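K.L.:
okay, predicted coordinates and the sequence, questions at the end:
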Amino acid sequence: MCLNFGYSGCCPGIMSDYSLNSCVDLVNDAVKLFNTLLNTTLNDLNNRFLDAKFILIDARLEYPNVSMETDLNVTDKPCCEIAVSTTGKGSCVPNQVPCSNRENYIFWDGFHPTERVNVIDGTKAYETLSPLYNSTAILPLTHKEVGYVVSDA
C-alpha cells in the first residue's frame, strides 16, 4: 500500500515561505507530477509481478470540497502559532495555547494535519482496502489466532 502526496503547496508553512495567502501552484504542480509517476510505477509493478498487489491510496484532501462537506473550514491557517525562526520553523511555538476549535482546522502547525484530518485519511484508506480483508491473501494477517512470521527464504 502506498499513499500519494497531499497538496503540500496548501500547507501554511509553504504558503508562508512563498509569501502567499493561497496554495503555491509551483509546489502543487510538482506534487501532481510525482503522484502521476507514482501511479504509473505502481501499475507497472502490478503488471510485472502478478502475484503481488500494489495499491495506491489517494491521500490528497480536496480542501474546498472538505470544507464544504464538513466543518473543517479553516484551510489556510494552523491551529497554533508557528515559529518563524530557522530552528523549528513551521512548528508550534512552545508554551502557547492552540486554537480552541481545533475540530475546524485542517492544519495543526505549518505542515502537519490535525487529528481529525488524519482520521478522515485513515478512514479513506481503510475503506479503500476493505474489499481485501476477506481475501485469501490477507486473511491470515487479519486474524490474531494465526501468527504472522516473516521468513528469510
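P.N.:
Right, received. Where do you want to start?

K.L.:
and the pLDDT for T70?
P.N.:
T70 is assigned a pLDDT of 71 by the prediction.

K.L.:
so who does it touch?
P.N.:
Taking CB atoms under 8 Å, 6 or more residues apart in numbering, we find T70 in contact with I120. No exception for glycine: its C-beta is placed from N, CA and C like everyone else's.

K.L.:
now swap in V24 and tell me
P.N.:
V24 makes contact with 9-10, 14-15, 18 under the criterion CB under 8 Å, 6+ apart.

K.L.:
helices of this structure, start to end?
P.N.:
With helices called from DSSP state H, the chain shows them at 12-17, 25-48, 63-69, 115-129, 139-142.

K.L.:
any idea which of those is most buried?
P.N.:
Most buried of the helices of the chain by mean neighbour count (mean count of other CB atoms under 10 Å) is helix 12-17; its value is a mean of 19.

K.L.:
list just the nearest of the contacts of V24 to G122.
P.N.:
Closest approach to G122 among those (CB to CB): C10, at 19.6 Å.

K.L.:
can you report how many residues neighbour the nearest residue to the closest one once chain neighbours are set aside?
P.N.:
Spatial nearest neighbour of C10, excluding adjacent residues (CB to CB, 6 or more residues apart in numbering): C23 at 4.2 Å. Burial measure for C23: 19 neighbouring residues, criterion other CB atoms under 10 Å.

K.L.:
low-confidence ranges, this structure, go.
P.N.:
Within the chain, the segments meeting pLDDT under 70 span 59-69, 86-87, 133-153.

K.L.:
for it, longest strand please?
P.N.:
If you go by DSSP state E, the chain has its longest strand at strand 74-78.
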